[in-house]
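Here is the input, now give the coordinates:
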Amino acid sequence: MADTITLQGEVRNEFGKGVARRMRVAQQIPATIYAGGAQPVFVKLPMRETTLALRRTNALFTIKFADDSKMAVVKDVQRNPVKRIIEHIDFYEVKAGEKIEVSVPVFVEGTPKGAAVAFVDIQELTVRADVSNLPERIVVNVEGMTDGTKVFAKDIVLPEGAELDASTNSEESVVTVEVPEDASEATAAAEPAVAEPAAADADAAAEPAE
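Sure thing, here's the model as predicted:
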C-alpha cells in the first residue's frame, strides 16, 4: 500500500453556516466522509495541514478521529470565491485493493522540432486505478515531434495497473504538435524576395550600343 497523508481530525456534531464560520476562525475545516450507502461521517480538520495536503492531486488520505480512522480520497473541495480559502471538503472512503475513477491533469515536456508548439487538447483524462497507485499527473513527451503530430488517448503511457475509463474515447487527440499560424506568417515574411529585372531594363540591355 502506498503511503497516505494522515490528518488528525475531530468528530463534529454541530452544523450550519455560523458553526462553520467559527470553525474557520479557529483554523479548522468542516469535512464530510461518504462511504457508499453508509451513514456519512462529519469531522473537522486542521486548516494548515489540510490545505497543504490538498496541493497533491489524487492524494490518498488516512483521516483519524476519536478512536476510528478512514482511508479516503477527495471528492469535492468548496472554496470561498474571493478569499480562496477552503470552506468545506467532501471525502469518499476507499478500501485497500479497490479501483476508482480519478481525473488526472495532462502536462507536456520536451521541445518539438523547429517552430512547432505542443498544444494540450484535453486538460484532464479520467482513468481507473488502484487506490494505492493513483496517478497525480500524466506527462506526454513531445521532444523532437514534428508539425502535424498528434498523441491520442490510446498512446498515453499510464502507471502500472491504471487504465483509461470506459467513457474516454481512445481515438481522441490529447496533444497536438503544430506550427502556430502567426509563426508561419512570420517565417514567410522573413524569406528574402527574388528580384526580377524590370521590363524596361531588359529591353535596354537588348539594344545594341551606338
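
how many neighbours does V73 have?
V73 has 17 neighbours, counted by other CB atoms under 10 Å. Placement of C-beta: from N, CA and C, glycine included.

ok, I29 to L54 distance?
I29 sits 10 Å away from L54, going by CB to CB, to the nearest Å.

Identify the contacts common to those two.
Counting by CB atoms under 8 Å, 6 or more residues apart in numbering, the shared contacts of I29 and L54 are 86, 89.

Mind checking which of the two has more residues around it?
Each of I29 and L54 has its neighbours counted (other CB under 10 Å); I29 has more, 26 against 16.

which residues sit in contact with that one?
23, 44-47, 50-51, 86-89.

what sits opposite it in the beta ladder?
Judged by DSSP bridges, the bridge partners of I29 are L45.

Next one: it, what pLDDT does it get?
I29 carries a pLDDT value of 95.

and Y34, how many residues sit next to it?
17.

And the helix or strand containing it, what's buried?
In the assignment (DSSP states H and E), Y34 maps to strand 28-35. For strand 28-35, the buried set under the neighbour-count rule, 16 or more other CB atoms under 10 Å, comprises 28-34.

Just name the closest of the residues you listed to A115, please.
Distances from A115 to the buried residues of strand 28-35, taken as CB to CB, are shortest for I29 (47.2 Å).

By mean pLDDT, point me to the weakest helix or strand of this protein.
Least confident helix or strand of the chain, by mean pLDDT, DSSP states H and E, is helix 199-206 with a mean of 48.

Show me what stretch 150-169 is in contact with.
Residues outside stretch 150-169 that contact it (CB under 8 Å, 6+ apart): 101, 122, 125-130, 133, 135, 138, 140, 142, 170-177.

Would you check that Y92 makes contact with Y34?
Yes: judged on CB atoms under 8 Å, Y92 makes contact with Y34 at a distance of 5.3 Å.

buried stuff in the helix or strand I100 falls within?
Under the criterion of DSSP H and E, I100 resides in strand 99-109. Within strand 99-109, the residues scored as buried using 16+ other CB under 10 Å are 99, 102, 104-106, 108.

would JSON lines of those with distance to E14 and pLDDT be doable?
Shown next, in JSON lines, are the buried residues of strand 99-109 (distance: CB to CB, whole Å; pLDDT from 0 to 100):
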{"residue": "K99", "distance to E14": "36", "pLDDT": "94"}
{"residue": "V102", "distance to E14": "32", "pLDDT": "94"}
{"residue": "V104", "distance to E14": "36", "pLDDT": "94"}
{"residue": "P105", "distance to E14": "36", "pLDDT": "95"}
{"residue": "V106", "distance to E14": "41", "pLDDT": "96"}
{"residue": "V108", "distance to E14": "47", "pLDDT": "97"}
